[in-house]
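K.L.:
just coords:
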């Protein structure tokens, strides 16, 4: 199911086994982060919060994108981290600079 799409930015959602996977493409910034946050909120309110976010196609992520990821993490049950799958170097740098590397599970 597709959640959001705009010029150069897309979010798609799928269920893989028992996990909800959100795939993000393009830039996550002040203009696109609300669409991503909305997709996460919709999943959480439906009782199926996203627990994996595939970031291999993200070309840029600013603090508003990080805020959307943090909100998705906070929607999960206590002790269950949000898995960031294949984050690009840009996303990894943001996580390092903001001290958020320990907040998420990062998988390559």
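P.N.:
Looks like it came in fine. Computed from a prediction, not measured in an experiment: that's the story for all the values here. Numbers count the residues shown, from 1 in each chain.

K.L.:
isn't residue 36 up against residue 70?
P.N.:
No. If you go by C-beta atoms under 8 Å, residue 36 and residue 70 don't touch, sitting 11.6 Å apart. C-beta: built from backbone N, CA, C; applies to glycine.

K.L.:
what about the two, which has more around it?
P.N.:
Neighbours were counted for residue 36 and for residue 70 using other C-beta atoms under 10 Å; residue 36 has more, 26 against 17.

K.L.:
contacting residues around residue 73?
P.N.:
81, 82, 103, 104 (C-beta atoms under 8 Å, 6 or more residues apart in numbering).

K.L.:
hmm, which of these are the buried ones?
P.N.:
82, 103, 104 (16 or more other C-beta atoms under 10 Å).

K.L.:
wasn't residue 25 part of a helix?
P.N.:
No. Using DSSP: H, G, I helix; E, B strand; the rest coil, the secondary structure at residue 25 is strand, not a helix.

K.L.:
so it sits against residue 58, correct?
P.N.:
Yes. Counting by C-beta under 8 Å, residue 25 does reach residue 58; the two are 7.2 Å apart.

K.L.:
same drill for the two, tell me which one is more crowded.
P.N.:
Comparing residue 25 with residue 58 by other C-beta under 10 Å, the one with more neighbours is residue 58, at 23 against 17.

K.L.:
for the more buried one, give me the backbone phi and psi.
P.N.:
phi -90, psi 120 (degrees, to the nearest 10).

K.L.:
ok, it - contacts?
P.N.:
So residue 58 contacts 24, 25, 26, 27, 28, 65, 87, 88, 90, 91 (C-beta under 8 Å, 6+ apart).

K.L.:
just give me the closest of those to residue 13.
P.N.:
Using C-beta to C-beta, the shortest approach to residue 13 within those belongs to residue 24, at 10.3 Å.

K.L.:
many thanks, have a good one.
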